[in-house]
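# task: produce atomic coordinates for the following.
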Amino acid sequence: PFRIERVEDLDRPEAAVLRGSHTRMRVEEFLARGEIRLAQRVLNDPKSVALSTLINFGPPPAKGKYASYVGAATAERWYNSGIDTLEKLEAKINEDPAFLTHNQR
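Numbers count the residues shown, from 1 in each chain. Next up, the predicted model:
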């Protein structure tokens, strides 16, 4: 591993794996702009933010336990049904306690 600080570093032999790749284009963009536009669009996209929140909806886990989470397909289904915040998810769970599966509780 080595640090990439300039576009010229991408021409080093250690970076050969990046030649012609999509990753190299993103690294070049980051070096030139200080950010990656696609990443910024995703971070600012309301649907992406909602799905990320829904996928990891549980409280921080206690020691030795996992947090509650669901897969992307379940989060997408919830989002498409109008649940796009934790508050709306909580309201749905309060309205219908069987909404979450045993493993999601």
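# could you check how far Arg12 is from Ala73?
41 Å (CB to CB, to the nearest Å). Using the backbone N, CA and C atoms, a C-beta is placed for each residue, glycine as well.
# who has more neighbours, those two?
Legend: neighbour count by other CB atoms under 10 Å for Arg12 and Ala73, higher for Arg12 (11 against 8).
# which SS state does the closest residue to that one other than its chain neighbours fall under?
Distances taken as CB to CB, 6 or more residues apart in numbering place Phe2 nearest to Arg12, at 7.0 Å, with adjacent residues excluded. Here Phe2 is coil, with the state taken from DSSP: H, G, I helix; E, B strand; the rest coil.
# Phe2 and Asp11, how far apart?
In terms of CB to CB, Phe2 sits 12 Å off from Asp11.
# over to Ala91?
55 Å.
# rewinding a little: surely the residue nearest to Arg12 meets Leu10?
No - assessed by CB atoms under 8 Å, Phe2 is found out of contact with Leu10, at 10.8 Å.
# who has more neighbours, these two?
Leu10 (16 against 8).
# local confidence estimate at that one?
On pLDDT, Leu10 comes in at 90.
# pLDDT weak spots in the chain?
Under the criterion pLDDT under 70, the flagged ranges of the chain are 59-68.
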